[in-house]
Structure formats: structure tokens, C-alpha cells
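# just the structure for this:
(one chain, ligands or ions: 1)
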Amino acid sequence: MTVSYHVDPGGALTGSLRVPGDKSISHRSIMLGALAEGTTRITGFLEGEDALATMNIFRALGVEIEGPVQGRVTVRGVGLNGLKAPNQVLDCGNSGTSMRLICGLLAGQSFDCRLTGDDSLRRRPMGRVATPLARMGAEIQTSEQGRPPLTIRGTAGLRGVDYEMPVASAQVKSALLLAGLYASGRTCVTEPAPTRDHTERMLRAFGYPVEVNDNRICVTGGGRLAACDIEVPADISSAAFFMVGASIAPGSDVTLTHVGINPTRIGVVEILRLMGADLTLLNPRTAGGEPVADVRVRHARLRGVGIPPDLVPLAIDEFPALFIAAANAEGVTVLGGAEELRVKESDRIQVMADGLRALGVDARPTADGMVIVGGSYGGGAVESHGDHRIAMAFAMAALTAGGAIAIDDCANVATSFPGFVQLARQAGLRIAEKLNR
Ligand code: S3P
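This next block holds a predicted model:
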């Protein structure tokens, strides 16, 4: 069974919407809740396939987890040394975050295990975590070219390292910090540019000390995590589709409620503002150690920009949506320094360029980004390559297209945004979902 979208052109986005819970924070809430002593209660948990894959893996590792029921999850923590050897291969599905973070966490266990994933995940690079973890004494076997499946051998003990990350990756940083909980001495990670810091924030919320000095983050092994309550904010990466949709569609005025606006995630807000978007952050507050706000977005005329390189890691998941904003802007938008987009759930540079060109947009892919000349475009058929964010980005593109947009292979939208079609339709997008046998 495959899922496709048919989106009629036109419409505007209005109303007050709450998008599902933050994916990154949902993963981490299960992981740290499992390793804590005591019971962790989570609210606002993302009931998407990626976060559920993490949940099922921890169940297979012997952790009792109740839920999710309307975003509520209860995790009965087993303590840092309480995980049990699984009697099955651990399946991360489409989720790179599950695989990389869990790889770090399992590297320090005394038992062996095997991690796998779907076709997309089995093409993604894992050497970026396996290599530094090996320096800590972990034994991780990857398949050809550093890809999954992975086999992790139980080790007697890890040792702390001081690692300079060659790529700005929160997943690599988090994998090493999680391994560092099991290592002797200090584990320090230096990042070339700031990346999302949810692991650091949540470790602290669980009472685990984390030292941060500029771009160097350290933990010392052998501590304990104390259970706590976690309130997961709405995912800014899911809200981003509505931010772009409302910005491009005349007559739009939406308020996205309770959105996580962690400074390491707000690149999309900053880039849209540079393009002339009308975004207002209302009611700023804190929830579960993370800053949140309601984001009001009204239609505005956008202009093309050169995207500042320092904003790239802070908006890394939002480029499919931002490319649609660029296609609607007056003038040229240039993105560089974003070669990481080529190793996401799909090659997001090529796949977005192909889709934009299918609609008649002048989009030129480069090795590390894209040059997009804004203007009007038509309808057409777009291939999402099973990438959730490509599918949702092109759905929003229909708001200003000259004809209907058909998008194939959309089932994976459920990995990060269950209920996308219903919520988008409620907001005013003319979207219909088709199940094909
Ligand atoms: C994530 C980090 C980012 C991001 C991914 C989630 C995380 O990946 O693209 O969707 O939760 O740590 P990289 O660390 O590979 O940039």
C-alpha cells in the first residue's frame, strides 16, 4: 500500500494550530527516561513512527513503557546499568536519530546487539558515529561503506575521548555524550558550529552534569540520572511547513501554538524573516527546560536572499520548506554549505531540485546547496522518494501553484507528522490523500 497526495492549487492558511510533538525531544525523553532511576512521565510525545521506533527498541531492551495515549507516556527507568540483552534485531525504521543515538548508548553495554532500518536508513552514513565510538573502545561493525545494519559487541568498558567533530551534527554529538555516560573519565565533543542541544538540556533536567564551554561539551561517566517529568513542545520542524505556507499564500494568518523555539532550532524563523516574512513570537515561556512560544504568521511578499552559512545547521531540517519559500520569492535565493542535505532521508538537494523543476521553477542544484530563482510555477507530478519533509514541502507549494500538484510515496509523513493531511486541510490547504494498492 502506498500513499499519494493530490493538492489542488490556491487557498490560504488560517486559524490556530498545534502541530505534533518535537521529534528530537521525544526520542531523547524515552532514552533518558529508560536510563534514569524512577518513573518519567512524558506529555506531548510525538506519536510518529520514528519516536515509536525508539520506544519499541527500549521495550526490547527490557524497559517497561506505557502509552502513548494522547501524547502521554510513562517510562519505568531501569538505571544506567539496567538494560537487558534484546532477543531480536533492533529496527530503527526510517529514523537516523534512533540509530545514531542508540548506537552511542549501546556501545557501552555488556551485551551484543544488532541495529537495522528501512531502505532509506540503510543507505545513510553511520561511520560518523562508529569511528569516534571505536576510539572510546567500542566495537561496532558497519556494513559496506559504513552503512547499517550495525553490529555492536558488548565491551568491558569505554574510555572518555576528546573528539573534534568534522561535521556539525547533533546526532554525532549526542551519540558520544550518551556513550560518555558509560565511559571512564571525561568525554568531550567539540562542534564546528552550534547544533541542537536537546541532549545537553535533557541530561541536566535528569540531574546529570554537563559542562559547556563555547563549542565544547563534556560529560563525566559514572553518574546517575534521576527520573523527571518532560513536557515535549510542538515541533518547530513540523510548524515550518505552515510558516512557509502562510507566508506565501495571500490572505493567510495562522498561529502555531506551543512551538519549541530553542535557539539551536530557530534558523527557519531567522531565514524567513530575512526573506521578509511576517512572523511574530507570542507568549514566550519555558516548558520542560525548553523555550516555547506561539508563532503567528501572516502572508508577506518574500524576497530572495543569500542564506547566511551560520544559520544552516540551525535550519538543517527546514530546507525542503525553505526552498518552497525561495520559489515564491522575488529574486534569487542561494544556499551553500549544506552538503549534509545529501545524506538525509533522501538526497534533499537533488530530490527538491527535481521536484521544483517538474513544476517549472528555475532551481539549480550545487554540490552543497541550491540556487533558486523565484517566480510563478505550475502544477505537476513530484516524487518525494519516501521523504516525509519533501512530501509536506511540495504540499504547501500548491498554495500558489498554477495547477494541482500530485506527490507520490507519502506514507513516511507519518514518521514525523501523523495527522498532517487533516491538520493542513483544516487550515485551508486543498489536500486529499489517496491510498494505492
Ligand atoms: C537530529 C539532528 C539532525 C536532524 C535530525 C534530528 C537530532 O541530524 O537533521 O532530523 O535529533 O539530533 P544531524 O545531527 O545528522 O544533523
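# can we go C-alpha only for contacts and neighbour counts from here?
Noted.
# pop the domain breakdown of this structure in here.
Annotated domains of the chain cover 2-21+233-436, 23-231 [automatic domain parsing].
# and the helix or strand harbouring residue 268, what does it pack against?
In the assignment (DSSP states H and E), residue 268 maps to helix 267-274. Secondary-structure packing of helix 267-274 (3 or more CA pairs under 8 Å, 6 or more residues apart in numbering; DSSP states H and E): helix 319-327.
# what does the helix holding residue 268 contact?
The contact list for helix 267-274, computed with CA atoms under 8 Å, 6 or more residues apart in numbering, reads 240, 244, 279, 305, 307, 311-315, 318, 322, 325.
# quick check, nearest of the residues you listed to the ligand?
Proximity of those to the ligand (CA to the nearest ligand atom) peaks at residue 313, which lies at 7.0 Å.
# for the closest residue to that closest one other than its chain neighbours, list the residues it contacts.
In space, residue 313 comes closest to residue 195 once its chain neighbours are excluded; the distance is 6.0 Å by CA to CA, 6 or more residues apart in numbering. With contact set as CA under 8 Å, 6+ apart, residue 195 has these partners: 168, 169, 170, 264, 313, 314.
# quick revisit: buried residues in the helix holding residue 268?
267, 268, 269, 270, 271, 272, 274 (16 or more other CA atoms under 10 Å).
# so for it, mean pLDDT?
Mean per-residue pLDDT for helix 267-274: 98.
# buried sites along the helix or strand that comes right after it?
On the C-terminal side of helix 267-274, the nearest following helix or strand under DSSP H and E is strand 278-287. Residues of strand 278-287 classed as buried: 278, 279, 281, 286 (neighbour count, 16+ other CA under 10 Å).
# for the last one, name its beta-bridge partners.
I take that to be residue 286. Taking DSSP bridges as the rule, residue 286 bridges to residue 291.
# separation between it and the ligand?
20 Å (CA to the nearest ligand atom, to the nearest Å).
# so that residue sits right up against residue 292, yeah?
Yes - contact status for residue 286 versus residue 292: in contact at 5.7 Å, counting by CA atoms under 8 Å.
# a markdown table for the buried residues of strand 278-287, including pLDDT and distance to residue 398?
Listed next are those as a markdown table, based on pLDDT from 0 to 100; distance: CA to CA, whole Å:
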| residue | pLDDT | distance to residue 398 |
| --- | --- | --- |
| 278 | 98 | 20 |
| 279 | 98 | 21 |
| 281 | 98 | 26 |
| 286 | 94 | 35 |
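# alongside the ligand, which residues does the chain contribute?
In this structure, the chain approaches the ligand at residues 24, 97, 169, 170, 171, 172, 316, 317, judged by CA under 6 Å from any ligand atom.
# can you tell me the element the fifth one falls in?
To tie it back to what came earlier, the one meant is residue 171. Using DSSP H and E, residue 171 falls in helix 170-180.
# right, and the helix or strand after that helix?
In N-to-C order, the element after helix 170-180 by DSSP H and E is strand 183-184.
# that next one packs against which elements?
Using 3+ CA pairs under 8 Å, 6+ apart, strand 183-184 sits against strand 158-159.
# now the next helix or strand after the strand it packs on, how far from the chain's geometric center?
Using DSSP H and E, the helix or strand that follows strand 158-159 towards the C-terminus is strand 162-164. Put simply, strand 162-164 sits 24 Å off its chain's centre (CA atoms, centre = their mean, to the nearest Å).
# what is the mean pLDDT for strand 162-164?
Mean predicted lDDT for strand 162-164 stands at 98.
# likewise stretch 298-316?
Rounded mean pLDDT across stretch 298-316 is 98.
# and the residues of the chain next to the ligand, which two are the farthest apart?
Spatially, the most separated pair among those is 172 and 317, at 15.8 Å (CA to CA).
# sorry, back to before: phi first, then psi, for the residue nearest to residue 313.
Note on residue 195: its backbone torsions stand at phi -130, psi 170 [degrees, to the nearest 10].
# do you know the pLDDT at it?
98.
# same deal with residue 108?
94.
# what about the closest residue in space to it that isn't next to it in sequence, neighbour count?
Distance criterion CA to CA, 6+ apart; nearest residue to residue 108, sequence neighbours excluded, is residue 182 at 5.5 Å. Residue 182: 25 surrounding residues under other CA atoms under 10 Å.
# look up how far the ligand lies from residue 182.
Going from residue 182 to the ligand by CA to the nearest ligand atom gives 20 Å.
# and what of residue 303?
26 Å.
# give me phi/psi at that residue?
Dihedral angles (degrees, to the nearest 10) for residue 303: phi -120, psi 150.
# which residues does it form beta bridges with?
Taking DSSP bridges, one obtains residue 330 as the residues bridged to residue 303.
# run through the helices of the stretch 51-200 of the chain in chain order.
96-106, 127-135, 170-180, 198-205 (DSSP state H, counting those that start in this stretch).
# buried residues in the last one, which are they?
When burial is assessed from 16+ other CA under 10 Å, helix 198-205 yields the following buried residues: 198, 199, 200, 201, 202, 203, 204, 205.
# nearest residue to the first one other than its sequence neighbours?
Nearest-residue entry for residue 198: residue 25, 6.4 Å, with adjacent residues in sequence omitted and distances by CA to CA, 6+ apart.
# try residue 135
residue 161 (7.2 Å).
# from residue 102, how far out is residue 230?
As defined by CA to CA, to the nearest Å, residue 230 lies at a distance of 20 Å from residue 102.
# just residue 269 next, same as before
30 Å.
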